[in-house]
Structures are given as C-alpha cells and as structure tokens.
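# Below are the sequence and a predicted model for it; my questions follow.
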Protein chains: 2
Amino acid sequence: MYAMDGLTINEAARVTGWSARMLRYVEQTGLVSPERTGSGYRIYGAAELQRLRTLKELIAGFDVALSDVAFAARIKHDPQLQRAIEDWLNATPQRPQDVDPDDWLRFEQRKHERLLLGAA
Amino acid sequence: MYAMDGLTINEAARVTGWSARMLRYVEQTGLVSPERTGSGYRIYGAAELQRLRTLKELIAGFDVALSDVAFAARIKHDPQLQRAIEDWLNATPQRPQDVDPDDWLRFEQRKHERLLLGAA
DNA sequence: ATGACCCTACCATGCTCGTGTCAAGGTTTG
DNA sequence: CAAACCTTGACACGAGCATGGTAGGGTCAT
C-alpha cells in the first residue's frame, strides 16, 4: 500500500512516548483504536496521536491505571452500569449516625440528581 | 461495652454473604466503614448491611471489580479527576466517518503540524 | 475465669495488569 | 531481491488485587 496519511506503529510510538507494545495493548483495552490498511497495518492519525498523548498525561497526572480509564469508558457507554454505580455511591452519607433512621430512608429515596459521568 | 444496636463482624459476614476477612478488606478500600466500639470492635448497622448487600449485587451483577467501584468513588469525590476523565472520554469521536471528509482532513492537517512541533 | 469472640499484622496463593522480548511469517520499499 | 518494517501469538515477570489462613493478644458474656 502506498502513502497513507498517518504514522505507523513505531513512528507513533516515538512521537507519543508509548512503546509499540503498549500501543497494541491500549488498542486492546478499546481506548485508542487506529485504522488499519488493507494489509492490516495500524495507521495512527493526528486524532489518535493526540489522544495517546493526553491519555498519557491523564494517567501520569492523576496516577490512575489504564484499566481505570477503560472502566470509566465502560461506565460511560453502559447506562445501566452507570446508573447502578451512581445509585450505590449516592446512598452513602458516610456518617448516618446522628440521623433518625426513618428520615434517613426517605432522604435516600429522593436522591437522584448529580450525575457521575453522564454529560456527553 | 454493652449492647450496641448493630452486628459484629462475623454476624455481619453471615448475614451479608461476605467473609469477615473481606469485610475488613472492603473497609480498607473505603467503600463500607462501620462504626467502632470504644474497644475497637466493628459494629455493622442496618445501613452498612444494606450497603454490603447491594455492593455484592453490583459486583456480581455487572462483573465489576471492587477496585472499580473504589475508583468510581474516587472520581466522585475528586472533581478535578472527574473533569479530566470526562473530557478525555468526550473527546472521542470514535468513528469520524459521518464527518465530512474534507473538513476532517483540513482540520486534522492543521492539528498535525502543531502536534508534530510539540512532540519530543 | 474461661470460652467465644474481636483486633492487627503477617504469609501465602492465584489471578490480572502493564510491560518487554522473541519467534514465525506477511508487506513495503530501496 | 533483501532489508526494514508490520502482524499475531506466546512466554516471562514484577506489582497489585482478592482471598484465605494463622498467630499473638485484647474483650465480652456467662
């Protein structure tokens, strides 16, 4: 195949700071999936490169794991899971000790506002 | 200490289906932290028991890891992290195929130059 | 006061994550 | 064509998660 407007995996590795191995791994997590040429070569376009760089910053800057970001993505694309997690987390006012149990229950039932990762 | 209105760890274990060992572990993740008596005994109240049960359902029902839920909690309590992850995820037009190819290209090309300059 | 319970602190195991490397084989290109 | 690159698949390995177990030592109820 002739000149595609993108970088091949090792070139992308060099410009993004990831290793080629990790680029394949990241693709496997579903976070950054480059196009393929007819013969199967990965082609990283500007968008993917940018995404890889920011992903790297995100992970380093907040000390989160790749799998954490992958999980966030899963939440985002699975409204049921999102809802379930949100509900579980919202039902935790860490100190329910000086609250009347009955009030507590009614209060919890009305909690439905703040979204976790909803806005798209 | 005299009769507290809650269950001790092994009782809670029996009632929730977790092992006592896991109850301590779950506490360590920060997801469910029972009160303590003056002498340090964990006391699980109705709220904690309910939380443990629903947590179990959540984990089993969606095949999610405890650490995933812990991470979601971290996101929820750290607005900066939440914002960063949200932004990164939202910047994913996973298939830029329904975008006009010409616009897409010109846009990407300009970005490309900038990006290559910034790369080390 | 004694048996049943709790606590913390380890050690051990099996599994997953993140990462490198190497092998066998297709593709691109000078 | 041959060198340089790509692909998938595998083995390897340290670090961390999820669990169980045990040991030494307090606490509670009878």
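On my side now, so go ahead.

# all contacts plus neighbour counts: C-alpha atoms, from now on.
Will do.

# Hmm, residue B:82 and residue A:62 touching each other?
No. Between residue A:62 and residue B:82 there is no contact, the gap being 10.4 Å when judged by Cα atoms under 8 Å.

# Comparing the two, which residue is more hemmed in?
Neighbour count, other Cα atoms under 10 Å in any protein chain shown: between residue A:62 and residue B:82, residue B:82 has more, with 18 against 12.

# Next up, phi/psi of that one, please.
Main-chain dihedrals, residue B:82, degrees, to the nearest 10: phi -60, psi -50.

# so it makes contact with residue B:76?
Yes. Between residue B:82 and residue B:76 a contact is recorded at 6.7 Å, counting by Cα under 8 Å.

# What parts of chain A come near DNA strand D?
Applying Cα under 7 Å from any atom of the strand, one finds that chain A approaches DNA strand D through A:8-11, A:24, A:40-42.

# try 6 Å
For chain A, the residues in contact with DNA strand D (Cα under 6 Å from any atom of the strand) are A:8-11, A:40-42.

# Can you pick out the most distant pair from these?
A:11 and A:40 (16.1 Å; Cα to Cα).

# Okay, buried residues for the longest helix seen in chain A please.
Counting by DSSP state H, the longest helix found in chain A is helix A:46-62. For helix A:46-62, a neighbour-count test (16 or more other Cα atoms under 10 Å in any protein chain shown) marks A:46-53, A:55, A:58 as buried.

# what ranges of chain A fall below the confidence cut-off?
By pLDDT under 70, the weakly predicted segments of chain A are A:1-4, A:92-120.

# Specify the residue ranges that define each domain of it.
A:9-63, A:78-120 (automatic domain parsing).

# Tell me which of the ones you listed sits most buried.
With neighbours defined as mean count of other Cα atoms under 10 Å in any protein chain shown, the domains of chain A peak in mean count at domain A:9-63, which reaches a mean of 16.

# That one near DNA strand C anywhere?
Yes. Using Cα under 6 Å from any atom of the strand, we find that domain A:9-63 touches DNA strand C at A:19, A:21-22, A:25, A:39.

# Quick one: distance of that domain to the chain centre.
14 Å (Cα atoms, centre = their mean, to the nearest Å).

# does chain B sit close to that domain?
Yes. Contact of domain A:9-63 with chain B (Cα under 8 Å from any Cα of the partner chain) involves A:15-16, A:46-47, A:50-51, A:54-55, A:58, A:62.

# can you tell me the distance between the two ends of that domain?
This stretch, domain A:9-63, spans 25 Å end to end (Cα to Cα, to the nearest Å).

# what about stretch A:81-91 and chain B, touching?
Yes. Using Cα under 8 Å from any Cα, stretch A:81-91 reaches chain B at A:81, A:84-85, A:88-89.

# got CSV for those residues, with secondary structure and distance to residue B:70 too?
Below are these laid out as CSV (DSSP: H, G, I helix; E, B strand; the rest coil; distance: Cα to Cα, whole Å):
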residue, secondary structure, distance to residue B:70
A:81, helix, 14
A:84, helix, 14
A:85, helix, 10
A:88, helix, 11
A:89, helix, 10
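
# Distance to DNA strand C added to the residues you listed, as JSON lines?
Shown next, in JSON lines, are those (distance: Cα to the nearest atom of the strand, whole Å):
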{"residue": "A:81", "distance to DNA strand C": "17"}
{"residue": "A:84", "distance to DNA strand C": "20"}
{"residue": "A:85", "distance to DNA strand C": "19"}
{"residue": "A:88", "distance to DNA strand C": "22"}
{"residue": "A:89", "distance to DNA strand C": "22"}
